[in-house]
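Asks: Need coordinates for the below:
(2 chains)
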Amino acid sequence: MTEVIEFIQQPWPWWVSGPLIAYVMFSLLYFGKGFGISTNFKTACCMLGSCTVSDFFCFDWKEQIWNLTFIAGVIIGGFISAQYLTPDPSVAISPETIADLSAIGIENPGSSFLPEEIFGTENIWSLRSLVFLLGGGFLVGFGTRYANGCTSGHAISGLSNLQWWSLVAVIGFFIGGLTMTHFILPYLISL
Amino acid sequence: MKYLRFLIMGILFGIILSKGEIISWYRIQEMFRFQSFHMFGVIGSAVVFGILTIQFIKRTKLKDYNGKQITVSTQDPGYARNLIGGTIFGLGWAITGACPGPLFILIGHQGWVFLLAILGAIAGTFTYGVFEKRLMH
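Replies: Prediction:
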């Protein structure tokens, strides 16, 4: 048993995680549901009473209880993984990425899952951290609703269903991501 | 109890994305710099297996657990909304280093800090809903 746990505790290669994600999509389809995480943000707006502001949020949120339960599980899964399955929190990113990120002021890239100076609790009320969390989150919420899907809906389900418009959305993901990474992020990090 | 299966699937999804390091800000940076195959391998193999899965469902007319024909729900076609919306999401993805699934996983991983990102995302979704009819789709 300990050998099994030690085996699981290693970082998983892409050819393990990728097919398992497709399996999660299949499980949801088998139980009559479509894979779509960003829909939960819309459900949250609906539950908070946004229907009075825009009829975009007028629907019966109870139809989405399964999805809210799913993300509750997702949070628990993250907790279990961090507490019991990840004894070594470092991420083996490429030397080029380490060099590039060090050059724009990130300390010890790859020593944990994310840069603690930005996402750690001690600096959380700094302007930079708030821009990264609230500002980044805002763009994620606005963009996914505009495109009507995120990585799960478009990149995984949409491309798997051979929808050309999901390919357009994924091209958009990269236009935005490349622009941010190469032209804007260095300024945000220096905030 | 009928929701228990979704809780379990969510837990599995959270563990898969954590152990696959898809929730790592560094992995997303590496992807947008084209410096490793890891993220392309994850998304690419998920899509390849996904295509095979959906073709299998369609060709065998596979029924779900209720005996109903499985339908793959689709988003709206259209260049404008997918390209513009996708680009705005991409800008955010490169900042947070996490798409919506990982944002939730990171609450379990890193703690309450990521509730701020969820709050931002709810505000963004709300803003879209308010301006929906005035935006180009």
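
Asks: Can you list the buried residues in stretch A:13-20?
Replies: Neighbour-count burial for stretch A:13-20 flags A:14, A:17, A:18, A:19, A:20 (criterion: 16 or more other Cβ atoms under 10 Å in any protein chain shown). In this view, the C-beta of every residue, glycine as well, is placed from N, C-alpha and C.

Asks: elements contacting the host helix or strand of the fourth one?
Replies: With the criterion set as DSSP states H and E, the secondary-structure element containing residue A:19 is helix A:14-30. Of the remaining helices and strands, those touching helix A:14-30 by 3 or more Cβ pairs under 8 Å, 6 or more residues apart in numbering or on different chains; DSSP states H and E are helix B:4-19, helix B:38-60.

Asks: wait, which of those helices is closest to chain A?
Replies: Closest approach to chain A among the helices and strands packed on helix A:14-30 (Cβ to the nearest Cβ): helix B:4-19, 1.9 Å.

Asks: The helix or strand just after that closest one - contacts with which helices or strands?
Replies: As assigned by DSSP H and E, the chain's next helix or strand after helix B:4-19 is helix B:25-32. Taking 3+ Cβ pairs under 8 Å, 6+ apart as the contact definition, the neighbouring helices and strands of helix B:25-32 are helix A:95-103, helix A:164-179, helix B:38-60, helix B:79-96.

Asks: sorry, back to before: which helices and strands sit right next to the helix or strand just after the helix holding residue A:19?
Replies: Past helix A:14-30, heading to the C-terminal end, the next element that is a helix or strand (DSSP H and E) is helix A:39-47. Based on contacts counted as 3+ Cβ pairs under 8 Å, 6+ apart, the elements that helix A:39-47 packs against are helix A:65-80, helix A:136-147, helix B:100-110, helix B:113-131.

Asks: Mind listing what's buried along helix A:39-47?
Replies: For helix A:39-47, the buried set under the neighbour-count rule, 16+ other Cβ under 10 Å, comprises A:39, A:40, A:41, A:42, A:43, A:44, A:45, A:46.

Asks: could I get the helices and strands packed on helix B:25-32 as JSON lines with mean pLDDT and distance to residue B:115?
Replies: Below are the helices and strands packed on helix B:25-32 laid out as JSON lines (pLDDT from 0 to 100; distance: least, Cβ to Cβ, whole Å):
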{"stretch": "helix A:95-103", "mean pLDDT": "97", "distance to residue B:115": "26"}
{"stretch": "helix A:164-179", "mean pLDDT": "97", "distance to residue B:115": "24"}
{"stretch": "helix B:38-60", "mean pLDDT": "96", "distance to residue B:115": "25"}
{"stretch": "helix B:79-96", "mean pLDDT": "97", "distance to residue B:115": "13"}
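
Asks: Deepest-packed of those helices, please.
Replies: Between the helices and strands packed on helix B:25-32, the one whose residues have the most neighbours on average, counting mean count of other Cβ atoms under 10 Å in any protein chain shown, is helix B:79-96 (a mean of 26).
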